[in-house]
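J.: Kindly return the folded structure for what I paste below:
(chains A and B)
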Amino acid sequence: AQKITQTQPGMFVQEKEAVTLDCTYDTSDQSYGLFWYKQPSSGEMIFLIYQGSYDEQNATEGRYSLNFQKARKSANLVISASQLGDSAMYFCAMSSPQGAQKLVFGQGTRLTINP
Amino acid sequence: DAGVIQSPRHEVTEMGQEVTLRCKPISGHNSLFWYRQTMMRGLELLIYFNNNVPIDDSGMPEDRFSAKMPNASFSTLKIQPSEPRDSAVYFCASSPGGAGLIPYEQYFGPGTRLTVT
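T.: Now for the predicted structure:
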């Protein structure tokens, strides 16, 4: 069965520091996709970044990068130079053929950026 | 494109009343998903449709919940009768499936905050 594990319920970081949000996954599929979504206090779900299992390079989108370690089955989100606006809930998710078209979500990590 | 549209954005109702949540997916997307989010249970998938056909409704809590997708541009989630424990934020999401630039990426609507008193 597919599973996403986010072991950090909450994190507190000083503004301008880099932060790493952990995500590990479990699947028996060889082809899969990994997603990160951000949910600010306003409630909307915002897509941040995607990594395909066959992508050789780590995905990057502006200040966001995904540290993909396939052998460890981890897909950590790295936010460089954190900003107050980065305070939000962050969800890791996975798609795979085993899951049909569904995304399996982790429980989320609440990130708080302190000034 | 306007994105996924949900209505109403907020709904307050009394226990026992029928509640209908509405969703308009992004044009051209072939999959639609209904989620429920609570503090206790996190984000739960209730049901999803592919080409207007329900594929997996294993997340629907009980018979009080029903969902329909009569055409490619509209879906409803109905709760009848509603109970206080149904209070949650309900999200609708749509996806272009494997044909999208990012395979299976889901685009979320703004959500409906439901309060049942």
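
J.: need the contact list for residue A:46.
T.: A:37-40 (CB atoms under 8 Å, 6 or more residues apart in numbering or on different chains). The C-beta positions use only the backbone N, C-alpha and C, and glycine is treated the same way.

J.: Among those, which pair sits farthest apart?
T.: Between any two of the contacts of residue A:46, the greatest separation by CB to CB is 10.8 Å, found for A:37 and A:40.

J.: Who has more neighbours out of the two?
T.: Using other CB atoms under 10 Å in any protein chain shown, the more surrounded residue of residue A:37 and residue A:40 is residue A:37, with 23 against 13.

J.: so the more buried one bridges to which residues?
T.: residue A:47, residue A:91 (DSSP bridges).

J.: Strands of chain B, start to end?
T.: With DSSP state E, the ranges of strands along chain B come out as B:5-7, B:10-13, B:19-24, B:31-38, B:42-50, B:53-56, B:65-71, B:74-79, B:88-95, B:107-108, B:112-116.

J.: and what of chain A?
T.: Counting by DSSP E, the strands of chain A are A:3-5, A:10-14, A:19-21, A:24-26, A:33-39, A:46-52, A:60-61, A:64-69, A:74-79, A:88-95, A:104-105, A:109-114.

J.: right, so of the strands of chain B, which gets closest to chain A?
T.: Between chain A and the strands of chain B, the shortest separation by CB to the nearest CB is 3.8 Å, and it involves strand B:107-108.

J.: what mean pLDDT does that closest one have?
T.: Strand B:107-108 comes out with an average pLDDT of 95.

J.: what does chain A have sitting close to chain B?
T.: A:33, A:35, A:37, A:43-45, A:47, A:50, A:52, A:91, A:95, A:100-103, A:105, A:107-108 (CB under 8 Å from any CB of the partner chain).

J.: can you list the strands of chain B in CSV and add distance to residue A:76 and mean neighbour count?
T.: Listed next are the strands of chain B as CSV, based on distance: least, CB to CB, whole Å; neighbours: other CB atoms under 10 Å in any protein chain shown:
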stretch, distance to residue A:76, mean neighbour count
strand B:5-7, 31, 17
strand B:10-13, 35, 14
strand B:19-24, 32, 20
strand B:31-38, 23, 23
strand B:42-50, 20, 20
strand B:53-56, 29, 14
strand B:65-71, 35, 15
strand B:74-79, 34, 19
strand B:88-95, 24, 24
strand B:107-108, 22, 20
strand B:112-116, 31, 18
